[in-house]
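S.K.: The following comprises the amino acid sequence and a computationally predicted model.
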Amino acid sequence: MSILGKQASARPAKRSGAAEIAAFVTDGETENALRLLVQEQVMTFTVVRRGSVRDAIAYLGTAAPPRVLIVDVSGSRLPLSDIDELASACEPGVVVIVLGQQNDIGLFRDLMHLGIADYLVKPVTTEWLRRSISIGLGGQSGSAMRQRTGKIIAVTGARGGVGTSTVMTNVGWLLANKIGRNVALVDLDLQCGAISLMLGLKRQTGMMEALKNAHRIDNIFLDRTLVHHGERLSVLSAEEPLGDDTHYEPQALDQVIKVLEQRHHYVLFDVPRRPDPVYQHLLSRAQVRVVVANPTIASIRDVMRILKLAGRDDIGQRLLVVLNHTAPPSQADISRRDFEKAVGRRVDFEIPFTRHAMFADNSGKLLAQRRCTATDQLMRITDDLTGRRAVQRFSLARLFGR
């Protein structure tokens, strides 16, 4: 479930044993059906309680994540928003089953696109519950079960020099160190990438090695190639000689994504501005696409090109435009209003110029570790990616029928 690839920022130490099933339902009939199933199947470690999504969140804040989580959105006015809020307490790998009263194919599709394993319309039978839970625990139809995985974010610059790597690296650091998520930063500029330099890491070759050996990528392989920056932030990059051939197939990148998203809440890709098949493939795979631009005519032109290439946003697939001021303000700058008018859409975030950014890029100490107005905007982007602003935006959209 891609939008749930998130974890509470301050969670108590987890106990060693995790429940196979934790269920929070809003009515006695469903609760009784679950308890009967638990007795029939002699499930020794389960949690069945009367409650809502918020009760499930409270439980996950103090307990190890279960293998299967069942939540009831019957009384919810905004079920998708509630599921998004559940994200702050749920980790990758948990199978999520949602119960509800709306027999709505649109809601079903939206929930499935978000990555839930199953949506059951109440009243539910013991047999329906048995089948869904059996699949979730690796039963006969287990291959069809969708497990929630981390969120894929593609960050690209409208053109060179707009601060793409700076924005991505700082947001990744904030996700890891301020929000408490497990984050992987992947630099797809295999020859001139800057992420490792910004973090003060030594020269790496891991990304190229992973792409050349995609058939044998697994957790052990990644443990050997990922470079860690602190407890929760990992980096996969390369610094290949300029004369070397760094071509690779989209299928190799898919395998890298598959393994990374199974163990990280967020996987951020720094994507070079090179609209080849790999670039377009990654745009299609990402749940969030971030375009970084500066206030220039050239950026306006190329943002328009990227928006056209990306196409219309689909369910669960968003595109954010970040206007980044990389130089001191001048009369030659395009105003935000004129920028938005030219590209035909609003700017989601605007990062003001700060001299701290120049020093940070050369010192190995990130801008996000300082207190300034630019860092405040970077934190707003971080909050948006974790869904803190998405719930409010979704509520307003439903209120006005959008």
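M.R.: Structure received.

S.K.: burial measure for the closest residue in space to Pro250 that isn't next to it in sequence, as a count.
M.R.: With sequence-adjacent residues excluded and distances taken as CB to CB, 6 or more residues apart in numbering, Pro250 is closest to His281, at 4.2 Å. Where you see a C-beta, it was placed from the backbone N, CA and C, and this is true even at glycine. Applying other CB atoms under 10 Å, we find 15 residues neighbouring His281.

S.K.: And for Leu253?
M.R.: Using other CB under 10 Å, Leu253 is surrounded by 21 other residues.

S.K.: likewise Arg301?
M.R.: Arg301 is flanked by 13 other residues according to other CB under 10 Å.

S.K.: What of the one 4 residues further on?
M.R.: Residues within reach of Arg305, counting by other CB under 10 Å, total 13.

S.K.: quick one, phi psi at it?
M.R.: Per-residue torsions, Arg305: phi -60, psi -40 (degrees, to the nearest 10).

S.K.: residues contacting it?
M.R.: Shown in contact with Arg305 (CB atoms under 8 Å, 6 or more residues apart in numbering): no residues.

S.K.: let's have the chain start at 48 instead
M.R.: Sure, I'll start counting at 48 from here, so that last one is Arg352.

S.K.: what about it, distance to Thr203?
M.R.: Note on Arg352: its distance to Thr203, by CB to CB, to the nearest Å, is 11 Å.

S.K.: likewise Val143?
M.R.: 30 Å.

S.K.: Kindly report the same for His403.
M.R.: Noted for His403: a distance of 24 Å to Thr203, by CB to CB.

S.K.: Also Ser243?
M.R.: Where Thr203 is concerned, Ser243 sits at a distance of 19 Å (CB to CB).

S.K.: Ile226 now?
M.R.: Going from Ile226 to Thr203 by CB to CB gives 23 Å.

S.K.: Out of these two, name the residue with the larger neighbour count.
M.R.: Shown here are Ile226 and Thr203; by other CB under 10 Å, Thr203 has more neighbours (27 against 22).

S.K.: you'd agree the more buried one is in a strand?
M.R.: Yes: according to DSSP: H, G, I helix; E, B strand; the rest coil, Thr203 belongs to a strand.

S.K.: so it bridges to which residues?
M.R.: In this entry, Thr203 is beta-bridged to Val318, Val338, by DSSP bridges.

S.K.: what about Arg156, which SS state?
M.R.: Assigned by three-state DSSP, the conformation of Arg156 is helix.

S.K.: what's the burial count for it?
M.R.: Neighbours of Arg156 (other CB under 10 Å): 12.

S.K.: Likewise for the one 10 residues further on?
M.R.: When counting by other CB under 10 Å, one arrives at 22 neighbours for Tyr166.

S.K.: which element follows the helix or strand hosting it toward the C-terminus?
M.R.: Taking DSSP states H and E as the definition, Tyr166 sits inside strand 165-168. Next helix or strand after strand 165-168 toward the C-terminus (DSSP H and E): helix 173-183.

S.K.: Can you give the distance from that next one to the centre of its chain?
M.R.: 28 Å (CA atoms, centre = their mean, to the nearest Å).

S.K.: Show me what that helix is packed up against.
M.R.: Packed against helix 173-183, as judged by 3 or more CB pairs under 8 Å, 6 or more residues apart in numbering; DSSP states H and E, are the following elements: helix 75-88, strand 115-119, strand 142-147, strand 165-168.

S.K.: Which strands border the shortest one, and is each parallel or antiparallel?
M.R.: Same thing as strand 165-168. Partners of strand 165-168 in its sheet, by DSSP bridges: strand 142-147 (parallel).

S.K.: mean confidence for the partner strand?
M.R.: For strand 142-147, mean pLDDT rounds to 90.

S.K.: next one: it to chain centre, how far?
M.R.: Here the centre of strand 142-147 is set off from its chain's centre by 20 Å, with CA atoms, centre = their mean.

S.K.: can I get the CA coordinates of that strand in CSV?
M.R.: Extracted C-alpha coordinates of strand 142-147, given in CSV (Å, rounded to 0.1, in the frame of the first residue of the first chain):
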residue,chain,number,x,y,z
VAL,A,142,-1.1,-6.1,4.7
VAL,A,143,-4.0,-3.8,5.1
ILE,A,144,-7.7,-4.9,4.7
VAL,A,145,-10.4,-2.2,4.8
LEU,A,146,-14.0,-2.7,5.8
GLY,A,147,-16.8,-0.3,4.9
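
S.K.: What is the neighbour count of Ala299?
M.R.: Ala299: 17 neighbours (other CB under 10 Å).

S.K.: Kindly provide the distance from it to Leu125.
M.R.: Going from Ala299 to Leu125 by CB to CB gives 40 Å.

S.K.: again with Asp430
M.R.: Per CB to CB, Asp430 is found 19 Å from Leu125.

S.K.: what about stretch 391-407, distance to the chain center?
M.R.: Relative to the centre of its chain, stretch 391-407 is centred 22 Å away, using CA atoms, centre = their mean.

S.K.: From the rest of the structure, what touches that stretch?
M.R.: If you take CB under 8 Å, 6+ apart as the criterion, stretch 391-407 is touched by 210, 213-214, 245, 351, 354, 367-376, 383, 386-387, 413-414, 416-417, 419-421, 424-425, 427-428, 431.

S.K.: one step back: for the strand holding Tyr166, output the C-alpha coordinates as CSV.
M.R.: Provided in CSV are the C-alpha atoms of strand 165-168 (Å, rounded to 0.1, in the frame of the first residue of the first chain):
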residue,chain,number,x,y,z
ASP,A,165,-8.8,-6.0,0.0
TYR,A,166,-11.9,-3.9,0.5
LEU,A,167,-14.9,-5.8,2.0
VAL,A,168,-18.4,-4.3,2.1
